[in-house]
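Participant: build the 3D model from these lines:
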Amino acid sequence: MRLLMLGGTEFVGRAVVEDALARGWDVTVFNRGRNEPPPGAAVLRGDRTAPDGLRALADAGGEWDAVVDAWSWAPSAVRDAARLLAGRAGRYVYVSSRSVYPLPSPPGADEDAPVVEGSPDDEGFDDYARAKRGGELAAVGAFGADRTLLVRAGLILGPYENIGRLPWWLARIAEGGRVLAPGPRDLGLQYIDVRDLAAWTLDAIGKRLAGPYNAVSAPGHATMGELLDACIRTTGSDARLVWTDPERVLGAGIEPWTELPVWLPPGELYDSLHLSNADRALSAGLHCRPVDDTVAATWAWLRTIGGRAPQRADRPSPGLPREKEAQVLDG
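Facilitator: Numbers count the residues shown, from 1 in each chain. Below you'll find the predicted structure:
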């Protein structure tokens, strides 16, 4: 298989490239050159946000069985790349997001649920959900519905994470001592390991799948307690989890999801993000590994880069300030 990866050096893109190379695929990456792709990939340089930024891709010629694009900003960049490649690639895979469904969405919502408005011609980025929907429309507009796979990923964790959610929990627990653990302990989590996302995406290319798929585990794949316990085991920390009721957490002015990554209190937003229907992807072969594997691999990667995870410039750095945590623990 001949694969073109737009990006290919960070988080989802890197996981896709690594998996494709391990399968013996012929992989080309097109990116700005800020980071090096995995060894073995051919490289084309260009900035798709710049005028004439796709020239290297246009001049290179060549054809591919599939293009994978995980772009998260202005949809016009997806539009321009997809139009350029429509006659040179068999399929276009756009790594979208379950954020395209309006919030709140009911528990059990599947791919037929309503989606937000978006435009493939939007040249700005001020709303993540609308940008992802615009990217979907751009891909379908150039390749057609039968040649476009929309991978609507849920919460993504694992090695190379540049959002900082699981890395923050690992770093905090590695420090030890009392750790504010937002309850309830048995609160179910729905997410996907980036390596499972990559593997399923490449399998889907081989199966010639098209259309939207909610690429995330079944609800309750792990619990908040299982995630944090895995962090303790993996780091060998002496951390002591202090389980705290959601009401007390919220009453202290702590922001779910951002200050306490991954966690949401039971309610409408939790239902939207942790109780979606993933049956279509699971029936199409999606396999989700145990939480211990995800945590251990992320910790091993963090240790190879000095323990400090890279952070995307367009996302706020997550985590709970220690003084805010202490106020709750000592209150």
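Participant: now the helix or strand harbouring residue 18: mean pLDDT?
Facilitator: Secondary structure from DSSP states H and E places residue 18 in helix 11-22. Taken as a whole, helix 11-22 has a mean pLDDT of 98.
Participant: what's in contact with the helix or strand that that helix is followed by?
Facilitator: Following helix 11-22 in sequence order, the next helix or strand is strand 26-31 (DSSP H and E). Under the criterion CB atoms under 8 Å, 6 or more residues apart in numbering, residues 1-9, 13, 17, 20-21, 37, 40-46, 48, 56-57, 62, 64 lie in contact with strand 26-31. Any C-beta I mention is one placed from the backbone N, CA and C, and that applies to glycine too.
Participant: got the contact list for the nearest residue to residue 189 once chain neighbours are set aside?
Facilitator: Of all residues beyond its chain neighbours, the one nearest residue 189 is residue 222 (5.0 Å), with distances taken as CB to CB, 6 or more residues apart in numbering. Residue 222 makes contact with 188, 189, 191, 290, 291, according to CB under 8 Å, 6+ apart.
Participant: angles on the backbone of residue 222, please.
Facilitator: With angles defined as degrees, to the nearest 10, residue 222 shows backbone torsions of phi -150, psi 170.
Participant: please go through this protein and pick out the longest strand.
Facilitator: Counting by DSSP state E, the longest strand found in the chain is strand 89-97.
Participant: gap between the helix or strand that that strand is followed by and the chain center?
Facilitator: Reading on from strand 89-97 to the C-terminus, the next helix or strand found by DSSP H and E is helix 128-143. Shown here is helix 128-143, whose average C-alpha point lies 17 Å from the average C-alpha point of the whole chain (CA atoms, centre = their mean, to the nearest Å).
Participant: stretch 156-173 now?
Facilitator: Offset of stretch 156-173 from its chain centre (CA atoms, centre = their mean): 12 Å.
Participant: from residue 229, how far off is the residue nearest the centre of the chain?
Facilitator: The central residue of the chain, meaning the one whose C-alpha is nearest the mean C-alpha position (CA atoms, centre = their mean), is residue 156 at 3.8 Å. Here the criterion is CB to CB, to the nearest Å. By it, residue 156 lies 21 Å from residue 229.
Participant: and residue 72, by the same measure?
Facilitator: When CB to CB is the yardstick, residue 72 and residue 229 sit 32 Å from each other.
Participant: same check, this time on residue 182
Facilitator: Distance from residue 182 to residue 229, by CB to CB: 14 Å.
Participant: got it, and residue 136?
Facilitator: In this structure, residue 136 and residue 229 are 37 Å apart, going by CB to CB.
Participant: more crowded one of these two?
Facilitator: For the pair residue 136 and residue 229, the greater number of neighbours falls to residue 136 (24 against 19), based on other CB atoms under 10 Å.
Participant: look up how far residue 215 lies from that one.
Facilitator: With distances taken as CB to CB, residue 136 is found 13 Å from residue 215.
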